[in-house]
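Peer 1: Predicted model, plus sequence, below.
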Amino acid sequence: MPALADALLTSATAGPLVHQSLIDFNIAGLGRNFWGLTVEGLTYGAIYALVAVGYTLVYGVLRLINFAHSEVFMLGMFGQYATLMLLGFSPSGNAYDKGILLTVLYLGIAMLGGMAVAGGAAVGLERVAYRPLRRRNAPSLVFLITAIGMSFVLQEFVHFVLPRLTGGTLGGVNAQQPIRLVQPEVQFSIFGAPVTNVTLVIIGSALVLAVAVDLFVNRSPFGRGIRAVAQDPVTATLMGVSRERVIMLTFLIGGILAGAAALLYTLRVPNGIIYSGGFVLGIKAFSAAVLGGIGNLRGALLGGLLLGVMENYGQVVFGTEWRDVVAFVLLIVVLMFRPTGILGESLGRARA
Amino acid sequence: MSTTTPATPPSLPPAGRTATKDRPHGGVGDRFRLWWDALARPTQWLVGVPFLLFMAAVPLLNIPVLTTQGTDFGGVMAQFGMIALIAIGLNVVVGQAGLLDLGYVGFYAIGAYTVAILTSPDSPWNQTGDGMWLSREWAWLAALPVAVAITAISGLILGSPTLRLRGDYLAIVTLGFGEIVRLLADNLDELTGGGQGLRGVAYPRAGVTEDLPSGVFSAGNASGAVNSGVWWYWVSLVFIVVTLLFVGNLERSRVGRAWVAIREDEDAAEIMGVPTFRFKLWAFIIGASIGGAAGALYAGQVQFVIPTNFNIINSVLFLCAVVLGGQGNKLGVILGAFIVVYVPNFFLGRQTLFGIPIDGDEIASYKYLFFGIALVVLMIFRPQGIIPARQKLLTYGRELYVAARRSAARAAGRAPGRTEAAATTSGKESS
Amino acid sequence: MYRTARRASGGAALLLAATLVLAACGPQSQGGDDSTEESTSEGESESGDLMIVPSVQIDIDGAEVPAAEAGEPVDPAGDGSAECAEGTAIAVAGAFTGPNAALGLNIQYGAQLAVDAFNEANAGCQVELKPFDTEGDPQKATQVAPQIVSDDAVIGLLGPAFSGETAATGDVFNQAGLLSLTASATNPDLTGNGWTNFFRGLANDAVQGPSVAKYMTETLGYTSVCVVADNSDYGIGLAEQITSGLGDAANADCAPEVKTGDKDFSAAVQIISGSEADAVFYSGYYAEAAPFVQGLRDGGVDLPFVSADGVNDPQFVSQAGSSSQGAILSCPCGPAPEDFAATYEDANGQAPGVYSTEGYDLATIMLTGIASGVSDRAGLIDYVKDYSGEGLARQYEWDDTGELTSALIWIYEVE
């Protein structure tokens, strides 16, 4: 971690000499808004962390970068949106006001809808695309190319096919008109940083889900199966663990968390429901997984939070247009200097 | 780590291994390949040159079904030429050295932007115009080697730290690189014009006549059969032939053998004394400079560069061309490039196909869906592509094939015929 | 496995049941005011009664100009006696598919209305409107342009729609001597290429920028404005014009850049809320402007929101909801007259958008040319060069470079 911060700092100090006119640096802006940016960053970080869990679990078990996981997240967004529509909500520029209790109930149902769609998509993806490849013992790059292909198929499905199936209500070229259940309102301040109800909901739910998945993987019998396969698939199979079942379960957990993250993300970014809306976020979540140590569950959570915060600082220091560059450079720097990430890559040994 | 997937080699499929197992040298492709390999060099040229001339003449012949309706056929062929060049370059990296590069569009962008920055009047570093060292007429040609050199250097810069990574990590890092190049082009407004792009990129002024005051390569040469698209297509054909000769010779040299060794098993290659890192870097640099040349062609033809043309989707499209055609097979990837470019344009604006009414525009808009499906289906059922590469002895392969065929023919009691004659010439030639 | 499966299916059944029960409750009403059940794409029904309403017309110094007593706009139908060769066509080029399709379609639909009116009135002259889709992509446009040029029936072109593709293909049309009459490409540089065939049917950014900037400082009295630009050709160009027009009033500390396709503007909002600005100008399209203004209001920033023609679309109001209230939107385009709006909506099922009137007016000019006996490309260029007449949106008359001689800007407000 210090190495990382150093790397960022050196690039920040060396930068102005090189690109005096091309990139502006606004360290003062960072100082002025430090806590506000931190709170914002943690909000995004929580979402990245939940998506990153999907990458890290699958990598831990299969040694596969599930490139199409970003599309699972994207389908999750559509899933929760469709659920809200089924509940009778219609798209609108203004937020609904249902009172706390009902709002939480509706959001909970929408989250379940998102989880169901995303979890189903993840398992289906595994069935349709990866299982045949495993049967054929394909090399890992073939898996990766397939994943890229599936990512395109899912995106284009939502882009062109879904609007035909739903009569234009879902999918298509443009973002969905938002359905907003929560109007962000400042609840209290930490060090002068306003904390809204949306921020509270996002960070709170992400924490609950993170603890739940951590307990599941580390304490439950299913979790033990996952860890066993991650550590040594042959021995695990010999010991009576069904590898196929563990793989399915892994994809399912990843998908469910992506679905939950999808709902939280749309709370924060109501206009983000679009066919291409998962792609960059997916790469960032993957970066988060690598940052924390891919294959390491807690690493993914930590990496997500860190990436969210870094990215938010970065876009104030370098300018908002450099936001994605910050994330990509961070990914490359981590892979260069510490490819095992902060906590080291191991799902099996994370907690023996 | 290695225990996870025991039977999984760390690299791309040994292109062709499965096929050899399933169907030992029996398909049409193989028969063609054997026939071709048995031909003497001069005979190969005798067959190849007319074929090339035919390919060059395709946009002029106006073949009924082949010619596109919704877009200009010359323009489509020009785009095909560029993508084919890119596919050849990417094939060096992916197909021959087995390094999955998802950021190849970055090199394409660097090539295009180098030409644009040097020759566009919008750019602060414009070298054309009064008192500058580039004349407007020849600026494109002069900027071309610069573009190739700069992309080669960028390949070196990207490659030297990242090529220590393996397999899928490398893929993700190159993906990040491709995005960073695009975002740099978008964000460094003063230099690249940002989202406004750079206009008025130079192009070769040749064939200036009364009717065409800016020459045949100008976008203004739009009417008639031989429009600027056709001229650019011919230029890219020249590039393709030169690149094919260059890459083909490399393939048969020590470099090519090292690449195959790295692709098949990097550790084994390292142990056998192949300096893997250096050869991987070479593959990267050569691939990058070919991509840069294609970018320079693009900048010259469109005369306008803008960051949105260099997004990740294009990277995947290029990869699709390589995978579709057959990784490691130079002619295969050209076919792949043709499919990727031509098929969507074939449907565009077409209302009927063989008498059946279709909505061509609609079909064309689904192209990424179909390419995605094609990638998945190919990876599952035919990872080696449409025209797979064959493993063969690289240096003396031809002589051996000929000898084997001759003895097989003798054993079958057939008259040796033409094949033998050709074989003897070939033998003499190489001895 | 059994246990999980049963548990999972139980959960799914529960979810389904809950969904059904709640769905049976019917459409959810919204924060007090009654909203309609159907999801409509029109703004007014969802966002209360918010609409984009024309307020004043301004000149390049930002001063208000009383709307001229417009003469009767030229009717495309003419006197019904036009005669022309069979198969005469005019082309319309722009983005009809892809993410920017709305703008291209607005122009095409507007032009189609004019052509339909013409064809109905003139039995002796049936003109076809041929659409050519460029997707707004310059490379695609370079493939489409030769198709247009080599189509001998086409004697005039309405388009290309965007500045980028116009720059990429301008030479093609110029050398072919084909009239290129754009309804929406506003980059000021386009008329500096020496093209003799290119005419712009609206004010360019070099007019709109300074006019709106002066209007903000002089009339509205802002002293410190945050100029937020997206990364599109249009957004950057306009932002440059606005910033230079604002002069000292442009707040250099608060000029975040965003990207087309962004949906999340938290950092930009943070920067603005930390600044001392008294207004925000957004230079870009409605797809980003709607979530941006929403982010501003959610973030507690109540500064006046000003933007230009890219945002001036009913979609902006319907997506941003009450956050769009009070937004000031400029446009070189004139408001659509009511009867035109009604006809347009009947024909296309949607209200006229930005540039619909330009599409109609410019098509009308070409049609009157055809009616006056022009039958070839050169003749149509000459006709437009000398044209002077009233349209729905404004008076059309061009100078030597192909710019309108008098270009005024309209200011609209969301209320």
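Peer 2: Nice, thanks for sending it over.
Peer 1: and stretch C:391-401, which residues are buried?
Peer 2: For stretch C:391-401, a neighbour-count test (16 or more other C-beta atoms under 10 Å in any protein chain shown) marks C:391-396, C:398 as buried. In this view, the C-beta of every residue, glycine as well, is placed from N, C-alpha and C.
Peer 1: Can you pick out the most distant pair from the residues you listed?
Peer 2: C:392 and C:398 (17.3 Å; C-beta to C-beta).
Peer 1: can the buried residues of stretch C:391-401 go into CSV with extra columns for pLDDT and secondary structure?
Peer 2: CSV is the format used below for these (pLDDT from 0 to 100; DSSP: H, G, I helix; E, B strand; the rest coil):
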residue, pLDDT, secondary structure
C:391, 86, coil
C:392, 84, coil
C:393, 80, coil
C:394, 81, coil
C:395, 84, strand
C:396, 90, strand
C:398, 92, strand
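Peer 1: and which of those residues is nearest chain B?
Peer 2: residue C:398 (22.6 Å; C-beta to the nearest C-beta).
Peer 1: Confirm for me that the closest one is in contact with residue C:387.
Peer 2: Yes: at 7.2 Å, residue C:398 counts as touching residue C:387 under the criterion of C-beta atoms under 8 Å.
Peer 1: SS state for residue B:333?
Peer 2: helix (DSSP: H, G, I helix; E, B strand; the rest coil).
Peer 1: contacting residues around it?
Peer 2: B:84, B:87-88, B:90-91, B:95, B:321-322, B:325-327 (C-beta atoms under 8 Å, 6 or more residues apart in numbering or on different chains).
Peer 1: From chain C, how far off is it?
Peer 2: In this view, residue B:333 and chain C are 21 Å apart by C-beta to the nearest C-beta, to the nearest Å.
Peer 1: where exactly do the strands run in the stretch 51-200 of chain B?
Peer 2: B:198-199 (DSSP state E, counting those that start in this stretch).
Peer 1: before we move on, what about chain C?
Peer 2: Taking DSSP state E, the strands of chain C run over residues C:52-58, C:64-65, C:89-94, C:128-133, C:154-158, C:179-182, C:198-200, C:225-229, C:279-283, C:305-307, C:328-331, C:388-390, C:395-397, C:409-414.
Peer 1: so the longest one versus strand C:409-414, what angle?
Peer 2: Which is strand C:52-58. 150 degrees (axes from the mean of the first three to the mean of the last three C-alpha atoms, to 10 degrees).
Peer 1: picking up where we left off before, ranked by average pLDDT, which of the strands of chain C falls at the bottom?
Peer 2: Note on those: strand C:64-65 shows the lowest mean pLDDT, a mean of 80.
Peer 1: in its sheet, what does that strand sit against?
Peer 2: Strand C:64-65 sits in its sheet next to strand C:52-58 (antiparallel), going by DSSP bridges.
Peer 1: How about residues contacting the strand it pairs with?
Peer 2: C:43, C:64-67, C:211-212, C:214-215, C:219, C:312-314, C:316-317, C:329-330, C:335, C:408-415.
Peer 1: quick one: low-confidence parts of chain B?
Peer 2: Counting by pLDDT under 70, the ranges of chain B that qualify are B:1-29, B:130-131, B:219-220, B:222-224, B:390-402, B:412-431.
Peer 1: Spell out for me which residue occupies the centre of chain A.
Peer 2: By C-alpha atoms, centre = their mean, chain A has its centre lying nearest to residue A:51, at 2.4 Å.
Peer 1: and after whichever strand or helix holds that residue, which helix or strand comes next?
Peer 2: In this assignment (DSSP states H and E), residue A:51 forms part of helix A:34-62. Using DSSP H and E, the helix or strand that follows helix A:34-62 towards the C-terminus is helix A:69-86.
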